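Q: Curious how this folds, go ahead:
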Amino acid sequence: MKSTGIVRKVDELGRIVIPRELRRTLDIEEKDPLEIYVEGDRIILRKYQPACIFCGEAKDIATFKGKNVCQGCLSALAGKPKVSENERCA
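A: Below is the predicted model:
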């Protein structure tokens, strides 16, 4: 983990400001969702990347009843054989 030397105070609503240069470096834009993790005494923020709730795949994600599901798992749930990357139509 690399220290930036930046210190921020938490405001009365529990918010902190992420410096603009750090947001640019990490490609975090206004309204981008961030995941919050706790590791020991650390709070970790990470740009949210949707993934399948069943297998963790991040490609070909569809939302079904508010849940992220990849095409392979959708096919498996529907009882269809999983289509490999090479067998898909171009």
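
Q: can you give me the mean pLDDT across stretch 56-76?
A: Rounded to a whole number, the mean pLDDT of stretch 56-76 is 90.

Q: Over to stretch 23-39?
A: For stretch 23-39, mean pLDDT is 93.

Q: May I see the buried residues of it?
A: For stretch 23-39, the buried set under the neighbour-count rule, 16 or more other Cβ atoms under 10 Å, comprises Ile28. All C-beta spots, glycine's among them, are computed from the backbone N, C-alpha and C.

Q: what about it, distance to the chain center?
A: Averaging C-alpha coordinates over stretch 23-39 and over its chain gives two centres that are 9 Å apart (Cα atoms, centre = their mean, to the nearest Å).

Q: Which stretches in this protein count as helices?
A: 20-25, 71-77 (DSSP state H).

Q: deepest of these, which one?
A: Per residue and on average, the most neighbours among those fall to helix 71-77, with a mean of 16 (mean count of other Cβ atoms under 10 Å).

Q: Who are the contact partners of Thr4?
A: Taking Cβ atoms under 8 Å, 6 or more residues apart in numbering as the contact definition, Thr4 lies against Leu22.
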